[in-house]
Structure formats: structure tokens, C-alpha cells
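[1] let's see this in three dimensions:
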Amino acid sequence: MDDEQKLSMTAQYHDIPCYTRRCCITSGEQSTAAQQEQEILSTVQAEPASVSEDSITEDITKNKPVWKFAFQNYLRTYWKKAIRFCRKKLRIVAAFDMKSIKLPASFPIKIDEGKLKIDIDKQAVKQFLKEVIYYKSKTAAASVFVSLILVAFSLILAEFFSAGYDAYINGTYVATISEKSDLQTEIRQLNQQIVEATGEAGDIPVQVDYVFKFVPKEKLSDDTEISRNLLAFSSRLKDAFVITVDSTPVTTVASLSDASASLEAVKEQYKNGQDDVTVEILNEIKVESGIVPTADISSVSTAAQSLNAQKSVDVDYIIQPEDSLWSLASENNLTVEDIQALNPGLEETLVDGSVIHLKQQQPLLNIKTVQNASYQETVPAPVNEIQDSNLYQGTTQVVEQGTEGLKMVSAKIVKINGQEVDRMVLSESVLSAPTPSSVIVGTRPVPTGIGSGQFLRPYSGVITSRFGSRWGSVHKGIDVGGSVGDPVLSADEGKVVFAGWNTGGYGNLVILDHSNGYQTYYAHMNEILVSDGDVIEKGYQLGTVGNTGRSTGPHLHFEVRKDGEPQDPQTYCY
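    All right, here's what the predicted structure looks like:
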């Protein structure tokens, strides 16, 4: 074996148990082990002899057995004894799980699968020899090794373990802590919190029993665990879970499972026992842990009722023609006094189009449901239209009545708070086909009641009396002789403002208002065919020629009035 191979040597030690116990040896071995441990201790405490770097280097080439002796023989010989010595002197009483220990990559002592390994390369060995090993002393190598072990275990203890306590109240484990004062402070704070929250004295016991131990730092209890375990001793304050809806606390339950069950109970109400309904809560729901009075913790059913409650929302409402204070109060579950309080100075007579403030009740949760449903739906009968220019637009006459069909529909129905907001048809199948209807549809423009100002003759008979002075008075129109029953037509488009008997001598009379300042009168008619309020087009038959009222024979008395003043009809249409 050459020098470089010796310098590259790696020592590995396996199957060295790291639980706390003394090795089982005989009485004779005990004496020998004690002497060896004392020898190691004295060596550690001894002042090493000084040696030069040159002498070490020279001896490395001349005295080859030094390496084998220092790094193989002594490490093998004193390993287990050094371990027992370290355990005894360090008084390690805790059991260590070596597999859970992680050391820095640069650390010369490694932990691999629960086994301790020492890896030394060429340069590390040279430096190690120059600074530490004194090759002329066998015990010096042992002292260096023991020193390394002491340093390694000290670092491991400092990095991963802590002196601490298991704390017990009335024999029940509470926490593992590093300082007793930390637990006492937490107890005082929780008892004070009980006083502030409930008005009653804190009931968490202050008498704590402690058991000293070395403990891995990761096993120390955190604040949450300590608080939760201490609250187990209180009947007035508990660690519970608050359900918030859109950042507003609504109810409190004992556990996360209760919170989930409460929300599921709300969803089930919207399913109505149907498995094909999916339910989604649209609000932002959070479940957060917190310390609350025991009296505030609700059961699952009570929490579900709180989540199903209504909330009052301020809204602006536009007054409609049919609205009144009483109808608005009834529709919004308010009183008239409530509305007046929300709108100071509001009069009992509401103004159409004005805006008032109201409070409306809305569900606390917005619940969206989606359901795939199948249902039967009627199919309207198709219509064959027959256009007729003699009928007004919008007027129809059924010639042949068709029959409706029937179809099966599969659709996805979306609802929010039970109100349908969307329906998507997925498929349709016709069960029975419809039969068509035949309908006559009017195409004639519907009169607007506004005249053109251009008049036609309402009746084409002979004028028997003209407009102007007659028999010592003023004749306000013209008389057109004719036969009883002949049709009388409207002179222009207009609206019937009077149709009936006139006691002033006109007999059966129709008056049309043409909405342009003109009115026309049709008197002495035998029969009237229109009614008050009818909108009449130009040339429409109003009735028939007659001899009613103060009349000397069958004729039509026709007048044209502009802004209420009689005009000569002959200047307009005769």
C-alpha cells in the first residue's frame, strides 16, 4: 500500500446502536473498561507534546505503520469504549433516532441510514496530522478521537436537542416545553381571556407538574398545541371554528367536521332529495379557528339555520304608477313608518319615476344549483298566414285551427336561490307532431287618429241647403239630400269623440276629432256604426243617412269646424 492510498483511507463504522444503555460486560471487563476510560480521560486532559511539521512529514515516509496504527487499530480498539465513555460523561438519557439527524455537508462525521461514518481524504488527513496527531504517542491518537466524538455529540445535541420538560396537569399531558415560565404565561393569558369573554373567573388550573428530559427540538410543542391542550381543562372557553360569509362571522361550531356538515346541510335543502342536482355556494366561505366562549358554539343543525337566515339589504327603488306606500310596505315586509324613516320628508302621494330608499330581505348565502332535467313540452302548431289588405294590421282571423304537438326535452337548468336564471337545452325528441293553422292576417295600416287636413265628401247626394244665413239664423253646415240607409263615410282620419243621440236637434250624431284643430259633424243619421273612442281612418263608414232630430226629410247634415269655429264645408270637399 503506497502513501497516497494510506492517506485516502476512509474509516466506516456500522451497526453501532444509539439507544441509551450500558454494554453488558463481565466484572473483569468492567475493571479493564474503567481503566481504559480513565486512560482516555487523562489523555484528553494531557498537554500534547510539540512536534514540527517537518518531522511529521518525514515520519510519514519513514514510519509507515503510524497511519495504520492511528486510524485503523486505535479507532477499532477504542470506538465502543469511547462511545460508552461519552455517554457516561455526557449523561445522555434520551434515546436518539440517528436516521432523523441531518448534519451539514461539510461536517467530517456523517450519518448515513442511522450509521456513523468518518470520511477523510488525503488533504484532510495531512492537515489533521499536522495540527492534531502526535504520532509518537498511542494515547494521543485515542485522545484526539475521543475529542472528536465529544465535539460531534456536543454539536448534535446543541443543533437538534434541547433540555426541556414534559408538563402535566392533574396527571394529563399538556405539552413539551423548554421553559416552565412559558407555560405559566400561557395559562395566565388564557384565564384572563376567559374573564374578558365571559365575565367569569378563569378555570384553567395553575398547578403544573414537570418532568425533565432531553428532547429533539422539533418535538417541542408550539403555541397552538399548548393553547388547545390547556383549553381542554376549561369549561368556559374553547378552541372552536368560526364560519364567515363574505368576511362576516355568522356562526361557530366545535370542529372542522361540524363546519363541513353545516354547509352540507344547507346544500341538501336545495337538492330536495335529488341526486342529480349539484349545489354551489357563491359567497366567499372561510372556516377559521379561534378561542370563543363555550356558550357561543352551535350544533350542526343550529349552525345550518344561521347560514340559511335572511339579511337586510339597502336598495334604491324607482316608483311605478301603481305603487303606493302601503303596497311597497307590504311587498318588502316593512311598515309605512319604516319607509318614511328611510326617506325623511316623503309624502304619501308618490311621484312616478322618483327614487326612494327601501330595505329588502335577501338570503345570506347565494346558492347556485345546476340540474339535468328531462320533461315533456308542447310544440306550438305552425301558422300558415293569408294576408288581407282589408283588415287592419294586427287583426287576424283563424280559418283553420291547428293542433299542438309534444316533445321530450333534456336540459341543464341553472338556478340561484331557487330562481331560474338559465336553461340550456341538451336534446329534444318529438313525441307527436303538430298540425298547422291557417290564419288571415291584416296588412291595412292602423289609423293613428291624426287627420291630413284634406277632406273627402262623406256623402255624394245633392246639396239642398248651403252654409250661412238661413231663415233668420246661421246654418253651420250643409245639407246633402239622399235616401235612408245610404252609407255615410268619414271625411278624414280621426277619433270618435261623440256617437249617439243629440238633444239639440241633430238627432243621431257622430263627431270626429282629427287631432289637427279640425272636427267634423255627421247629423240626422238613421244608424250609427262606431263608438266613442274608436280611431277611424279616412273613408270609413260611420253610419247611414237618416231623418232623425229636427229634420225635414232624409239627408246628411255635415259640418267642418276649425278650432271650434264653423267653416264652409264646400271650401274643403264640395
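
[2] next one: Val398 from Glu385, what distance?
    Distance, Val398 to Glu385, by Cβ to Cβ, to the nearest Å: 11 Å. Placement of C-beta: from N, CA and C, glycine included.

[3] what's Met525 sitting at in phi/psi?
    The phi/psi pair for Met525 (degrees, to the nearest 10) reads phi -70, psi 150.

[4] so where's the stretch 101-250 of the chain uncertain?
    101-159 (pLDDT under 70).

[5] go on, the stretch 301-450 of the chain?
    Using pLDDT under 70, the stretch 301-450 of the chain has no residue that qualifies.

[6] where along it do the helices fall?
    325-331, 336-342 (DSSP state H, counting those that start in this stretch).

[7] if we can go back for a sec, overlap in contacts of Val398 and Glu385?
    The overlap between the contact sets of Val398 and Glu385 (Cβ atoms under 8 Å, 6 or more residues apart in numbering) consists of 439-440.

[8] can you lay out the helices of the stretch 301-450 of the chain as CSV showing distance to Thr403 and mean neighbour count?
    Output for the helices of the stretch 301-450 of the chain, formatted as CSV (distance: least, Cβ to Cβ, whole Å; neighbours: other Cβ atoms under 10 Å):
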stretch, distance to Thr403, mean neighbour count
helix 325-331, 41, 15
helix 336-342, 51, 15
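
[9] can you redo these as CSV with distance to Gly449?
    Listed next are the helices of the stretch 301-450 of the chain as CSV, based on distance: least, Cβ to Cβ, whole Å:
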stretch, distance to Gly449
helix 325-331, 34
helix 336-342, 41
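
[10] of all these, which one is nearest Val530?
    Shortest distance between Val530 and these, using Cβ to Cβ, is found for helix 325-331: 38.2 Å.

[11] now do that closest one: which elements does it pack against?
    Packing partners of helix 325-331 (3 or more Cβ pairs under 8 Å, 6 or more residues apart in numbering; DSSP states H and E): helix 336-342.

[12] for Ile187, pull up the helix or strand it's in.
    Using DSSP states H and E, Ile187 maps to helix 180-198.

[13] and the helix or strand just after that helix, what's buried?
    For helix 180-198, the succeeding helix or strand toward the C-terminus, using DSSP H and E, is strand 209-216. Neighbour counts over strand 209-216 (16 or more other Cβ atoms under 10 Å) mark 214-216 as buried.

[14] hang on, the earlier thing: which of the helices of the stretch 301-450 of the chain sits closest to Ala167?
    That would be helix 336-342 among the helices of the stretch 301-450 of the chain, by Cβ to Cβ, at 58.2 Å.

[15] chain center to the closest one: distance?
    33 Å (Cα atoms, centre = their mean, to the nearest Å).

[16] give me the domain ranges for this protein.
    The chain breaks down into these domains under automatic domain parsing: 3-162, 170-235, 241-309, 312-363, 367-444, 462-571.

[17] and among those domains, the most buried is which?
    Mean neighbours per residue, mean count of other Cβ atoms under 10 Å, is largest over these for domain 462-571, with a mean of 17.

[18] start and end of it, how far apart?
    One end of domain 462-571 to the other measures 16 Å (Cα to Cα, to the nearest Å).

[19] kindly report the same for stretch 250-263.
    Using Cα to Cα, one end of stretch 250-263 lies 12 Å from the other.

[20] equivalent analysis for stretch 326-341, please.
    Stretch 326-341 has an end-to-end distance of 14 Å (criterion: Cα to Cα).

[21] now what about that stretch, what contacts it?
    Contact with stretch 326-341 is made by 317, 325, 346, 356, 358-361, as judged by Cβ under 8 Å, 6+ apart.

[22] farthest-apart pair in those residues, please.
    Greatest spatial distance in those: Leu346 and Gln361, 20.9 Å, computed using Cβ to Cβ.

[23] among the contacts of stretch 326-341, which lie within strands?
    317, 356, 358-361 (DSSP state E).

[24] of those residues, closest to Glu537?
    Distances from Glu537 to the ones in strands among the contacts of stretch 326-341, taken by Cβ to Cβ, are shortest for Tyr317, at 42.7 Å.

[25] and that closest one, what does it touch?
    By Cβ under 8 Å, 6+ apart, the residues touching Tyr317 are 328, 355-358.

[26] ok, 7 Å please
    355-356, 358 (Cβ atoms under 7 Å, 6 or more residues apart in numbering).

[27] go on, Ile319?
    Applying Cβ under 7 Å, 6+ apart, one finds that Ile319 lies in contact with 350-354, 356.

[28] for the nearest residue to Ser324 once chain neighbours are set aside, what are phi and psi?
    Among residues not flanking Ser324 along the chain, Leu350 sits closest, at 6.5 Å (Cβ to Cβ, 6 or more residues apart in numbering). Backbone geometry at Leu350, expressed as degrees, to the nearest 10, gives phi -80, psi 150.

[29] re the thing from before, make a markdown table out of the contacts of stretch 326-341 and add distance to Ile478.
    Putting the contacts of stretch 326-341 into a markdown table (distance: Cβ to Cβ, whole Å) gives the following:
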| residue | distance to Ile478 |
| --- | --- |
| Tyr317 | 59 |
| Leu325 | 58 |
| Leu346 | 59 |
| Ile356 | 59 |
| Leu358 | 63 |
| Lys359 | 69 |
| Gln360 | 66 |
| Gln361 | 71 |
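
[30] ok, so of those residues, who is nearest Lys311?
    Set against Lys311, the nearest of the contacts of stretch 326-341 by Cβ to Cβ is Gln361 (7.3 Å).

[31] Val315 versus that closest one, what's the distance?
    Counting by Cβ to Cβ - Gln361 and Val315 are separated by 11 Å.

[32] just Thr448 next, same as before
    To Val315, Thr448 is 40 Å away according to Cβ to Cβ.

[33] and the helices in the stretch 451-574 of the chain?
    So, for the stretch 451-574 of the chain - with DSSP H, counting those that start in this stretch - there are no helices.

[34] those strands in it, which residues are they?
    Per DSSP state E, counting those that start in this stretch, the stretch 451-574 of the chain carries strands over the ranges 462-465, 468-470, 473-475, 478-481, 487-489, 494-502, 507-513, 518-523, 527-528, 535-536, 541-544, 555-562, 565-567.

[35] let's have the ones you listed in JSON lines, adding mean pLDDT and distance to Val441.
    As requested, the strands of the stretch 451-574 of the chain are exported to JSON lines (pLDDT from 0 to 100; distance: least, Cβ to Cβ, whole Å):
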{"stretch": "strand 462-465", "mean pLDDT": "93", "distance to Val441": "41"}
{"stretch": "strand 468-470", "mean pLDDT": "88", "distance to Val441": "49"}
{"stretch": "strand 473-475", "mean pLDDT": "90", "distance to Val441": "46"}
{"stretch": "strand 478-481", "mean pLDDT": "96", "distance to Val441": "37"}
{"stretch": "strand 487-489", "mean pLDDT": "97", "distance to Val441": "25"}
{"stretch": "strand 494-502", "mean pLDDT": "97", "distance to Val441": "25"}
{"stretch": "strand 507-513", "mean pLDDT": "97", "distance to Val441": "28"}
{"stretch": "strand 518-523", "mean pLDDT": "97", "distance to Val441": "31"}
{"stretch": "strand 527-528", "mean pLDDT": "97", "distance to Val441": "29"}
{"stretch": "strand 535-536", "mean pLDDT": "93", "distance to Val441": "20"}
{"stretch": "strand 541-544", "mean pLDDT": "97", "distance to Val441": "23"}
{"stretch": "strand 555-562", "mean pLDDT": "96", "distance to Val441": "35"}
{"stretch": "strand 565-567", "mean pLDDT": "95", "distance to Val441": "40"}
